[in-house]
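> my questions concern the predicted model and sequence given below.
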Amino acid sequence: MLKLSNWSKSFKENTVLKNINLEIGTGDVLSIIGSSGSGKSTLLRSINFLEPADSGSMVFNGTELNVETITKKEILKIRQQTAMVFQNYALFSRKTAKENVMEALTQVQKLTKEEAMTQAEHYLTLVGMEQRMDYYPTQLSGGQQQRVGIARALAIQPDIILFDEPTSALDPEMVAGILDLIKQIAHQETTLILVTHEMNFARQVSDQIIFLDKGTILESGSPTKIFEAPEHERTRQFINGFQ
Ligand SMILES: Nc1ncnc2c1ncn2[C@@H]1O[C@H](COP(=O)(O)OP(=O)(O)O)[C@@H](O)[C@H]1O
Ligand SMILES: [Mg+2]
(Lines give C-alpha, C1' and ligand atoms only; values in the text may rest on other atoms or scores of the structure.)
(Ligands and ions follow the chains in the order given, each with its own letter.)
Protein backbone atom coordinates (compact mmCIF):
# COMPACT_ATOMS: atom_id res chain seq x y z
CA MET A 1 0.00 0.00 0.00
CA LEU A 2 1.15 3.51 -0.82
CA LYS A 3 -0.35 6.61 0.68
CA LEU A 4 0.63 10.24 0.14
CA SER A 5 -0.64 12.98 2.45
CA ASN A 6 -0.40 16.73 1.91
CA TRP A 7 2.25 16.10 -0.70
CA SER A 8 3.54 19.38 -2.17
CA LYS A 9 6.34 20.51 -4.45
CA SER A 10 7.46 23.84 -5.89
CA PHE A 11 10.11 24.80 -8.38
CA LYS A 12 11.04 28.26 -7.03
CA GLU A 13 7.77 30.25 -7.01
CA ASN A 14 6.03 27.73 -9.28
CA THR A 15 3.92 25.42 -7.09
CA VAL A 16 3.66 22.24 -9.12
CA LEU A 17 2.01 19.86 -6.63
CA LYS A 18 -0.41 21.24 -4.05
CA ASN A 19 -1.47 19.10 -1.12
CA ILE A 20 -1.85 15.86 -3.00
CA ASN A 21 -3.59 13.08 -1.06
CA LEU A 22 -3.85 9.65 -2.59
CA GLU A 23 -3.91 6.02 -1.60
CA ILE A 24 -3.34 2.93 -3.69
CA GLY A 25 -3.67 -0.69 -2.67
CA THR A 26 -1.05 -3.36 -3.31
CA GLY A 27 -1.39 -4.80 -6.81
CA ASP A 28 -3.76 -2.06 -7.92
CA VAL A 29 -3.43 0.11 -10.99
CA LEU A 30 -3.65 3.89 -10.60
CA SER A 31 -3.70 6.10 -13.68
CA ILE A 32 -2.85 9.77 -13.61
CA ILE A 33 -4.38 11.87 -16.36
CA GLY A 34 -4.21 15.60 -17.00
CA SER A 35 -2.99 18.28 -19.38
CA SER A 36 0.63 18.90 -20.19
CA GLY A 37 2.27 20.81 -17.32
CA SER A 38 -0.30 19.72 -14.74
CA GLY A 39 2.42 18.01 -12.66
CA LYS A 40 1.99 14.35 -13.64
CA SER A 41 5.69 13.60 -14.17
CA THR A 42 6.67 15.54 -11.08
CA LEU A 43 4.19 13.54 -9.00
CA LEU A 44 5.54 10.27 -10.37
CA ARG A 45 9.17 11.30 -9.87
CA SER A 46 8.48 12.51 -6.34
CA ILE A 47 7.24 9.05 -5.34
CA ASN A 48 10.71 7.52 -5.72
CA PHE A 49 12.44 10.77 -4.72
CA LEU A 50 13.99 11.29 -8.14
CA GLU A 51 12.47 14.76 -7.65
CA PRO A 52 11.79 15.03 -3.92
CA ALA A 53 8.63 16.73 -2.71
CA ASP A 54 9.07 19.71 -0.32
CA SER A 55 6.52 18.66 2.27
CA GLY A 56 4.09 15.92 3.07
CA SER A 57 4.28 12.35 4.20
CA MET A 58 4.23 8.93 2.64
CA VAL A 59 3.24 5.55 3.98
CA PHE A 60 4.99 2.83 2.02
CA ASN A 61 4.99 -0.82 3.03
CA GLY A 62 3.76 0.08 6.49
CA THR A 63 6.38 2.72 7.23
CA GLU A 64 5.39 6.37 7.58
CA LEU A 65 7.99 8.74 6.19
CA ASN A 66 7.98 12.52 6.35
CA VAL A 67 9.61 14.27 3.40
CA GLU A 68 11.27 16.80 5.68
CA THR A 69 12.96 14.23 7.92
CA ILE A 70 13.51 11.28 5.60
CA THR A 71 17.05 9.86 5.63
CA LYS A 72 19.23 8.91 2.65
CA LYS A 73 18.98 5.31 3.73
CA GLU A 74 15.18 5.42 3.66
CA ILE A 75 15.25 7.02 0.20
CA LEU A 76 17.59 4.30 -1.04
CA LYS A 77 15.19 1.66 0.26
CA ILE A 78 12.27 3.25 -1.60
CA ARG A 79 14.39 3.37 -4.76
CA GLN A 80 15.14 -0.33 -4.43
CA GLN A 81 11.44 -1.11 -4.13
CA THR A 82 10.30 0.99 -7.08
CA ALA A 83 11.11 1.01 -10.77
CA MET A 84 10.41 3.53 -13.46
CA VAL A 85 9.53 3.16 -17.14
CA PHE A 86 10.22 6.29 -19.16
CA GLN A 87 8.67 7.79 -22.26
CA ASN A 88 12.06 7.84 -24.03
CA TYR A 89 13.07 4.37 -22.69
CA ALA A 90 16.27 5.75 -21.08
CA LEU A 91 18.39 2.74 -22.02
CA PHE A 92 22.18 2.83 -21.93
CA SER A 93 23.14 3.10 -25.61
CA ARG A 94 26.46 1.27 -25.19
CA LYS A 95 24.88 -1.71 -23.47
CA THR A 96 22.92 -4.53 -25.06
CA ALA A 97 19.32 -5.25 -24.08
CA LYS A 98 20.52 -7.92 -21.68
CA GLU A 99 23.23 -5.70 -20.17
CA ASN A 100 20.67 -2.93 -19.69
CA VAL A 101 18.45 -5.24 -17.67
CA MET A 102 21.43 -6.63 -15.74
CA GLU A 103 22.70 -3.18 -14.74
CA ALA A 104 20.27 -2.46 -11.90
CA LEU A 105 20.44 -6.07 -10.75
CA THR A 106 24.19 -5.98 -10.22
CA GLN A 107 24.48 -2.32 -9.14
CA VAL A 108 21.44 -1.79 -6.93
CA GLN A 109 20.24 -5.26 -6.03
CA LYS A 110 23.83 -6.57 -5.70
CA LEU A 111 23.22 -9.83 -7.57
CA THR A 112 26.21 -11.67 -9.00
CA LYS A 113 26.75 -11.37 -12.74
CA GLU A 114 25.48 -14.89 -13.31
CA GLU A 115 22.33 -14.40 -11.25
CA ALA A 116 21.70 -11.10 -13.01
CA MET A 117 22.10 -12.73 -16.42
CA THR A 118 19.65 -15.51 -15.63
CA GLN A 119 17.12 -13.02 -14.32
CA ALA A 120 17.61 -10.67 -17.30
CA GLU A 121 17.07 -13.53 -19.75
CA HIS A 122 13.92 -14.59 -17.92
CA TYR A 123 12.35 -11.13 -18.01
CA LEU A 124 13.43 -10.35 -21.57
CA THR A 125 11.76 -13.59 -22.64
CA LEU A 126 8.63 -12.61 -20.72
CA VAL A 127 8.34 -9.36 -22.69
CA GLY A 128 8.92 -11.11 -26.02
CA MET A 129 12.55 -10.10 -26.53
CA GLU A 130 14.20 -13.51 -26.40
CA GLN A 131 15.48 -13.17 -29.98
CA ARG A 132 17.09 -9.79 -29.40
CA MET A 133 18.79 -9.93 -26.02
CA ASP A 134 22.20 -9.12 -27.46
CA TYR A 135 21.07 -6.19 -29.60
CA TYR A 136 22.00 -2.60 -28.80
CA PRO A 137 19.21 0.01 -28.39
CA THR A 138 19.92 1.57 -31.82
CA GLN A 139 19.32 -1.85 -33.41
CA LEU A 140 15.86 -2.05 -31.85
CA SER A 141 12.55 -0.35 -32.73
CA GLY A 142 10.93 1.99 -30.23
CA GLY A 143 8.49 -0.72 -29.22
CA GLN A 144 11.33 -3.18 -28.66
CA GLN A 145 13.29 -0.63 -26.65
CA GLN A 146 10.27 -0.05 -24.45
CA ARG A 147 9.94 -3.81 -23.97
CA VAL A 148 13.51 -3.75 -22.66
CA GLY A 149 12.57 -0.81 -20.41
CA ILE A 150 9.67 -2.83 -19.01
CA ALA A 151 11.83 -5.96 -18.58
CA ARG A 152 14.35 -3.84 -16.68
CA ALA A 153 11.61 -2.61 -14.36
CA LEU A 154 10.14 -6.08 -13.81
CA ALA A 155 13.52 -7.73 -13.25
CA ILE A 156 14.16 -5.93 -10.01
CA GLN A 157 10.82 -7.26 -8.74
CA PRO A 158 9.75 -3.91 -7.34
CA ASP A 159 6.67 -3.27 -5.24
CA ILE A 160 5.68 -0.40 -7.51
CA ILE A 161 6.35 0.35 -11.17
CA LEU A 162 5.97 3.99 -12.21
CA PHE A 163 5.21 4.46 -15.91
CA ASP A 164 5.60 7.95 -17.36
CA GLU A 165 3.74 8.03 -20.70
CA PRO A 166 5.27 4.72 -21.79
CA THR A 167 3.72 4.81 -25.27
CA SER A 168 3.90 8.53 -26.10
CA ALA A 169 7.11 8.29 -28.12
CA LEU A 170 6.10 5.17 -30.05
CA ASP A 171 5.00 4.84 -33.64
CA PRO A 172 1.25 4.23 -33.62
CA GLU A 173 1.59 0.59 -34.70
CA MET A 174 3.76 -0.16 -31.66
CA VAL A 175 1.39 1.25 -29.06
CA ALA A 176 -1.07 -1.65 -28.78
CA GLY A 177 1.68 -4.21 -28.15
CA ILE A 178 3.09 -2.21 -25.25
CA LEU A 179 -0.35 -1.57 -23.75
CA ASP A 180 -1.07 -5.32 -23.98
CA LEU A 181 2.17 -6.02 -22.17
CA ILE A 182 1.26 -3.58 -19.39
CA LYS A 183 -2.15 -5.24 -19.16
CA GLN A 184 -0.45 -8.61 -18.70
CA ILE A 185 1.50 -7.38 -15.69
CA ALA A 186 -1.43 -5.45 -14.21
CA HIS A 187 -3.30 -6.79 -11.19
CA GLN A 188 -0.54 -9.09 -10.02
CA GLU A 189 1.67 -8.44 -6.99
CA THR A 190 3.20 -5.27 -8.39
CA THR A 191 1.38 -1.99 -7.97
CA LEU A 192 1.31 0.10 -11.15
CA ILE A 193 1.12 3.88 -11.31
CA LEU A 194 0.70 5.07 -14.84
CA VAL A 195 0.75 8.50 -16.45
CA THR A 196 -1.00 8.12 -19.77
CA HIS A 197 -2.96 9.86 -22.50
CA GLU A 198 -4.39 6.53 -23.65
CA MET A 199 -7.86 7.10 -22.27
CA ASN A 200 -9.42 3.82 -23.40
CA PHE A 201 -6.55 1.90 -21.91
CA ALA A 202 -6.74 3.84 -18.62
CA ARG A 203 -10.43 3.11 -18.49
CA GLN A 204 -9.93 -0.63 -19.05
CA VAL A 205 -6.97 -1.29 -16.81
CA SER A 206 -7.25 1.11 -13.85
CA ASP A 207 -8.74 0.54 -10.43
CA GLN A 208 -8.50 4.26 -9.79
CA ILE A 209 -7.94 7.34 -11.91
CA ILE A 210 -6.86 10.75 -10.74
CA PHE A 211 -7.31 13.85 -12.83
CA LEU A 212 -4.54 16.30 -12.08
CA ASP A 213 -5.27 19.95 -12.85
CA LYS A 214 -2.63 22.62 -12.14
CA GLY A 215 -1.00 20.50 -9.47
CA THR A 216 -4.11 19.48 -7.58
CA ILE A 217 -6.26 16.38 -7.80
CA LEU A 218 -9.39 17.96 -9.21
CA GLU A 219 -11.15 14.63 -9.05
CA SER A 220 -10.45 10.95 -8.52
CA GLY A 221 -12.37 7.71 -8.55
CA SER A 222 -13.19 4.57 -10.48
CA PRO A 223 -12.94 4.62 -14.28
CA THR A 224 -16.74 4.45 -14.45
CA LYS A 225 -17.10 7.56 -12.31
CA ILE A 226 -14.40 9.55 -14.09
CA PHE A 227 -15.50 8.63 -17.59
CA GLU A 228 -19.26 8.38 -17.20
CA ALA A 229 -20.15 10.68 -14.34
CA PRO A 230 -17.37 13.19 -13.67
CA GLU A 231 -18.16 15.76 -10.99
CA HIS A 232 -16.38 18.56 -12.78
CA GLU A 233 -17.01 20.07 -16.16
CA ARG A 234 -13.23 20.46 -16.48
CA THR A 235 -12.78 16.67 -16.25
CA ARG A 236 -15.48 16.08 -18.84
CA GLN A 237 -13.86 18.57 -21.20
CA PHE A 238 -10.47 16.96 -20.77
CA ILE A 239 -11.77 13.47 -21.48
CA ASN A 240 -13.91 14.60 -24.41
CA GLY A 241 -10.81 16.21 -25.91
CA PHE A 242 -9.46 12.69 -26.47
CA GLN A 243 -12.50 11.32 -28.27
N1 LIG B 1 13.18 20.27 -13.02
C2 LIG B 1 12.29 21.28 -13.13
N3 LIG B 1 12.65 22.56 -12.87
C4 LIG B 1 11.77 23.57 -12.93
N5 LIG B 1 10.47 23.41 -13.27
C6 LIG B 1 10.05 22.17 -13.56
C7 LIG B 1 10.92 21.05 -13.51
N8 LIG B 1 10.22 19.93 -13.84
C9 LIG B 1 8.97 20.35 -14.08
N10 LIG B 1 8.85 21.69 -13.92
C11 LIG B 1 7.62 22.48 -14.07
O12 LIG B 1 6.61 21.86 -13.32
C13 LIG B 1 5.36 21.90 -13.99
C14 LIG B 1 4.81 20.50 -14.14
O15 LIG B 1 5.65 19.76 -14.99
P16 LIG B 1 5.47 18.19 -15.23
O17 LIG B 1 5.41 17.50 -13.92
O18 LIG B 1 6.54 17.78 -16.17
O19 LIG B 1 4.04 18.15 -15.91
P20 LIG B 1 3.37 17.03 -16.84
O21 LIG B 1 4.16 15.77 -16.69
O22 LIG B 1 1.97 16.92 -16.35
O23 LIG B 1 3.42 17.57 -18.24
C24 LIG B 1 5.61 22.62 -15.31
O25 LIG B 1 5.27 23.97 -15.11
C26 LIG B 1 7.09 22.46 -15.49
O27 LIG B 1 7.61 23.53 -16.23
MG1 LIG C 1 5.15 14.57 -18.05
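Thanks, I have the structure now. Here the structure is a predicted model, which means the values were calculated and not measured. Residues are numbered from 1 along each chain as shown. Ligands and ions are numbered 1, 2, ... in the order given.
> closest point of the chain to ligand 2, which residue?
Per C-beta to the ion, S41 is where the chain lies closest to ligand 2, at 3.1 Å. (C-beta placed from N, C-alpha, C; glycine too.)
> please report how far that residue lies from ligand 1.
Distance of S41 to ligand 1, given as C-beta to the nearest ligand atom, to the nearest Å: 3 Å.
> next one: L91
For L91, the distance to ligand 1 - C-beta to the nearest ligand atom - is 21 Å.
> let's verify that residue: helix, strand, or coil?
At L91 the chain is in coil, as set by DSSP: H, G, I helix; E, B strand; the rest coil.
> quick check: closest non-adjacent residue to it.
P137 (4.5 Å; C-beta to C-beta, 6 or more residues apart in numbering).
> OK, contacts around that neighbour?
89, 91-93, 97, 100, 145, 148 (C-beta atoms under 8 Å, 6 or more residues apart in numbering).
> equivalent analysis for Q119, please.
Here Q119 is in contact with 101-102, 105, 111, 155 (C-beta under 8 Å, 6+ apart).
> pull the most distant pair out of the residues you listed.
V101 and L111 (11.2 Å; C-beta to C-beta).
> counting neighbours, go ahead and name the busier of these two.
Neighbours per residue (other C-beta atoms under 10 Å) separate V101 from L111, with V101 holding more: 31 against 19.
> give me the distance between that one and T112.
15 Å (C-beta to C-beta, to the nearest Å).
> shouldn't I20 be within a strand?
Yes: counting by three-state DSSP, I20 is found in a strand.
> show me what contacts the closest residue to T96 other than its chain neighbours?
Among residues not flanking T96 along the chain, D134 sits closest, at 5.0 Å (C-beta to C-beta, 6+ apart). Residues counted as contacts of D134 (C-beta under 8 Å, 6+ apart) are 96-98.
> please apply the same query to F163.
84-85, 182, 192-196.
> hmm, try it at 10 Å
Contact partners of F163, counting by C-beta atoms under 10 Å, 6 or more residues apart in numbering, are 29, 31-32, 44, 83-87, 146, 149-150, 153, 178, 182, 192-196.
> equivalent analysis for A155, please.
By C-beta under 10 Å, 6+ apart, the neighbours of A155 are 83, 100-105, 109, 111, 116, 119-124, 126-127.
> so which of those are also by ligand 2?
Among those, none lies close to ligand 2 by the criterion of C-beta under 5 Å from the ion.
> among those, name the ones in strands.
Counting by DSSP state E, the contacts of A155 place A83 in strands.
> which residues of the chain fall in helices?
40-47, 72-80, 97-107, 113-126, 142-155, 172-185, 199-205, 223-228, 233-240 (DSSP state H).
> and the residue nearest to the spatial centre of the chain, what is it in contact with?
The centroid of the chain falls nearest to L162 when counting by C-alpha atoms, centre = their mean (1.5 Å). Shown in contact with L162 (C-beta under 10 Å, 6+ apart): 32, 41, 43-45, 47-48, 50, 82-86, 153, 191-195.
> among the contacts of D134, who's most crowded?
That'd be A97 among the contacts of D134, by other C-beta under 10 Å, with 27 neighbours.
> nearest residue to that residue other than its sequence neighbours?
A97's closest residue in space is V148 (C-beta to C-beta, 6+ apart), at 4.6 Å.
> same check, this time on D159
Nearest one to D159, counting by C-beta to C-beta, 6+ apart, is Q81 at 4.6 Å.
> about what we covered before: show me how to select, in ChimeraX, the buried members of the contacts of A155.
Filtering these down to the buried ones (16 or more other C-beta atoms under 10 Å) takes a single ChimeraX command:
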select :83,100,101,102,103,104,105,111,116,119,120,121,123,124,126,127
